[in-house]
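Trainee: next come a sequence and a model predicted from it.
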Amino acid sequence: MRLNFVRSTAPCRSNRKTRLNRLTHLHRLALPLVLVASLSGCASLFGNDEPDTGTRLGSVVGPQRNAQGLTGVGRASEAENLAITNGGFVLADEPLAALVARDVLERGGNVADAATALYFTLSVTQPAAAGLGGGGICLIHDPFERTTESVEFLPRRAAAGGPVAIPGNVRGFALLQALYGQSSWLSLLAPAERLAATGTPVSRAMARGLAPHAAILRADPELSRGLLSRSGAVLKEQDKTVQVELASTLGLVRSRGVAALYSGDGVATLVAGIADAGGRVSVEDLRNYRPVVSDAAMRLSDGVEVYFPSANVGAGAFATAMWDALQTISPTDGAGSLQAANATARSLGVSETLPDDLGSTGFVVVSSRGHAVACAVTMNGPFGTGRTARGMGVTLASAPDEPVRGLAGAFLAPVIATGPGNATLVFAGASGGGPNAVAGVQQVLRQTLGASRQNISSALQSATPGSSVLVNALVCPSGLPLGFNKCEIGIDPEGAGLGVEAVSP
């Protein structure tokens, strides 16, 4: 089996709408998949909500918040946790996106809402891995329904072939939010739109993501305008980035939903922009693109149920094979896990030498009640094809059958673990990269929940095999919701991301 040919064709189940209210117990209907709203009906041109960006990046301040932004333990007591209405944890490779998601939780949104807002913010602040032209996979856990499901919206091959993939991210997060969310779609995209339009200081994480790719940025006019200085240098930390074309497209997606890119007038504009970039994605490719919702793959380990992407996609096939291979290796053996990762990849048909950076990133959102979303998204290489759809700011992912970089989707590594019966959340983690990304997040899980019960900081130090792979993870050995004050959050020490606790009684 070659990972880049594994596909899922299972349809979404018809009873999924009956689960919307159970996820949050707030008995509210989710928004339709396609939303239409008048720009003039908003409080401002860029929507109603804006992120709290006053906190210093790299730390989390305010009442009842953990003092450390990179690692920490939930501070709410068990008694306080019972009174928390809107709370939880957010972990991401880029700090501003994590703060946006935290605000969504504290304003009453659920994990699907916060993950959606986080992703669209990443499309502005981490464009090498999270552009609108890419795709990804999310796992979503509902402790009340006792389900963990896999939502796949990877970049797919156009019917006519070519170097450009059919974009999946917008449609994927629209489906995730429509099925499971409860907040206004407009409010979730407003922060990303505002940041792109009015500008934002470049975070350390964003600067690190831009620095190695000066040649790619200089080769595309729209990437150059938003991500290079007037002198032609790559933007550095604390420089200001303004991405006007991307802001315009985010505004259309905010007001029109997926119709902005996948149907109506928007689809013709996107197809023309892809054609200008050398792609062959058609109107029919975009209109017919559908995310796939499936049961997550599962392995049992000492009473813990470990969930991976569906076995119908390459990421699920590799993750389960990787988990089986690691059982003969010490959880603290980083070198051994890397060797096992490469051997597993070869056994599944990956003969190419993979680059360190495959243009991927992962993030986690968990509620105080134990709901969780773990996602990983990719551009199939940093900035994908290195081209944008003209006039739209949509960076285009490489096709999945492109040599080497097309394998990126097989190594997306969201993981969720629960107690027996899929009832209590004990772990949520995510990473993206090559085979070592999958090994890294799984080794962190094994260390923090295994017999040695390492703390999250030690696990991240010893299990992450290389600075190009960033693992973000949360572990709750006592389970959620009652073990909120014992949960540990950890951001990879090799990165510049942020882990943050949301508390809003």
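Mentor: Looks like it arrived, so ask away. Residues are numbered from 1 along each chain as shown.
Trainee: for E152, list the residues it contacts.
Mentor: Residues counted as contacts of E152 (Cβ atoms under 8 Å, 6 or more residues apart in numbering) are 8, 137, 172, 291-294, 309-310, 312-313. All C-beta spots, glycine's among them, are computed from the backbone N, C-alpha and C.
Trainee: hang on, isn't R390 packed against E222?
Mentor: Yes - under the criterion of Cβ atoms under 8 Å, R390 makes contact with E222 at 7.4 Å.
Trainee: pick out whichever of those two has more residues nearby.
Mentor: Each of R390 and E222 has its neighbours counted (other Cβ atoms under 10 Å); E222 has more, 22 against 18.
Trainee: in which helix or strand does the more buried one reside?
Mentor: helix 221-227 (DSSP states H and E).
Trainee: repeat for E152
Mentor: Assessed by DSSP H and E, E152 sits inside strand 147-153.
Trainee: where does the protein have its least confident helix or strand?
Mentor: The weakest-scoring helix or strand in the chain, judged by mean pLDDT, DSSP states H and E, is helix 20-24 (a mean of 37).
Trainee: quick check: A128 vs A376, distance?
Mentor: According to Cβ to Cβ, to the nearest Å, A128 stands 14 Å off from A376.
Trainee: between these two, tell me which one has more neighbours.
Mentor: Ranked by neighbour count (other Cβ under 10 Å), A128 and A376 place A376 first, with 30 against 26.
Trainee: partner residues bridging the more buried one?
Mentor: Beta-bridge partners for A376, by DSSP bridges, are I137, G362.
Trainee: all further residue positions should be reported with the first residue as 30.
Mentor: Sure, I'll start counting at 30 from here, so that last one is A405.
Trainee: surely it meets A442?
Mentor: Yes - using Cβ under 8 Å, A405 is in contact with A442, at 5.8 Å.
Trainee: between these two, what contacts are shared?
Mentor: 344, 391, 459-461.
Trainee: about what we covered before: tell me the angle of the next helix or strand after the strand holding E181 relative to strand 176-182?
Mentor: With elements assigned by DSSP H and E, the helix or strand that comes after strand 176-182 is helix 198-209. Here the directions of helix 198-209 and strand 176-182 differ by 150 degrees (axes from the mean of the first three to the mean of the last three Cα atoms, to 10 degrees).
Trainee: for the helix or strand following helix 198-209, buried residues please.
Mentor: Later in the chain than helix 198-209, the nearest helix or strand by DSSP H and E is helix 214-227. Buried residues in helix 214-227, counted by 16 or more other Cβ atoms under 10 Å: 214-226.
Trainee: over to stretch 310-330?
Mentor: Buried residues in stretch 310-330, counting neighbours by 16+ other Cβ under 10 Å, are found at 310-311, 314-315, 318, 320-323, 325-328.
Trainee: chain center to whichever strand or helix holds V402, what's the gap?
Mentor: V402 belongs to strand 401-407 when elements are defined using DSSP H and E. In terms of Cα atoms, centre = their mean, to the nearest Å, the centre of strand 401-407 is found 4 Å from the chain centre.
Trainee: ditto for stretch 132-140
Mentor: Centroid separation for stretch 132-140 versus its chain: 17 Å, with Cα atoms, centre = their mean.
Trainee: could you do stretch 216-235 as well?
Mentor: Chain-centre distance of stretch 216-235: 16 Å, with Cα atoms, centre = their mean.
Trainee: that older thread, with pLDDT and distance to D385 added, can I get the shared contacts of A405 and A442 in TSV?
Mentor: Output for the shared contacts of A405 and A442, formatted as TSV (pLDDT from 0 to 100; distance: Cβ to Cβ, whole Å):
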residue	pLDDT	distance to D385
A344	96	19
G391	97	16
A459	97	18
S460	93	13
G461	87	12
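Trainee: of the residues you listed, which belong to helices?
Mentor: Counting by DSSP state H, the shared contacts of A405 and A442 place A344 in helices.
Trainee: which among the shared contacts of A405 and A442 gets closest to A141?
Mentor: Set against A141, the nearest of the shared contacts of A405 and A442 by Cβ to Cβ is A459 (15.3 Å).
Trainee: before we move on, the earlier item: by contact count, what packs against the strand holding V402?
Mentor: Applying 3 or more Cβ pairs under 8 Å, 6 or more residues apart in numbering; DSSP states H and E, we find strand 401-407 packed against helix 140-154, helix 156-159, strand 164-171, strand 389-396, strand 444-447, strand 454-459.
Trainee: can you put the buried residues of helix 214-227 in CSV and add distance to V379?
Mentor: Conversion of the buried residues of helix 214-227 to CSV gives the following (distance: Cβ to Cβ, whole Å):
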residue, distance to V379
W214, 38
L215, 42
S216, 42
L217, 36
L218, 36
A219, 41
P220, 38
A221, 34
E222, 38
R223, 41
L224, 37
A225, 36
A226, 41
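Trainee: which one of those residues is nearest to G508?
Mentor: The shortest approach to G508 among the buried residues of helix 214-227 belongs to L217, at 28.6 Å (Cβ to Cβ).
Trainee: show me the contacts for S330.
Mentor: Counting by Cβ under 8 Å, 6+ apart, S330 has contacts 475, 478.
Trainee: gap between it and V379?
Mentor: Using Cβ to Cβ, S330 is found at 25 Å from V379.
Trainee: also A403?
Mentor: 23 Å.
Trainee: look at the two and report which has more neighbours.
Mentor: Remark: of A403 and V379, A403 carries more neighbours, 33 against 22, as counted by other Cβ under 10 Å.
Trainee: so the more buried one versus A262, what's the distance?
Mentor: For A403, the distance to A262 - Cβ to Cβ - is 36 Å.
Trainee: how about A144?
Mentor: Between A144 and A262 the distance is 34 Å, computed by Cβ to Cβ.
Trainee: what about these two, which has more around it?
Mentor: Higher neighbour count among A144 and A262: A144, with 30 against 12, using other Cβ under 10 Å.
Trainee: all strands for the stretch 280-429 of the chain, in order.
Mentor: 321-324, 326-330, 333-337, 389-396, 401-407, 417-418, 423-424 (DSSP state E, counting those that start in this stretch).
Trainee: tell me which of those approaches P241 most closely.
Mentor: Checking these against P241 by Cβ to Cβ gives strand 389-396 as the closest, at 14.6 Å.
Trainee: okay, buried residues for the closest one please.
Mentor: Buried residues in strand 389-396 (16+ other Cβ under 10 Å): 389-396.
Trainee: now do stretch 260-267
Mentor: Buried residues in stretch 260-267, counted by 16+ other Cβ under 10 Å: 263-264, 266.
Trainee: how about stretch 419-426?
Mentor: Buried, per 16+ other Cβ under 10 Å, within stretch 419-426: 419, 421-426.
Trainee: for these, which one is nearest D122?
Mentor: When the buried residues of stretch 419-426 are compared against D122 (criterion: Cβ to Cβ), the nearest one is T424, at 17.0 Å.
Trainee: nearest residue to the closest one in space, please, no chain neighbours.
Mentor: Counting by Cβ to Cβ, 6 or more residues apart in numbering, G160 is the residue found nearest to T424 once chain neighbours are left out, at 3.5 Å.
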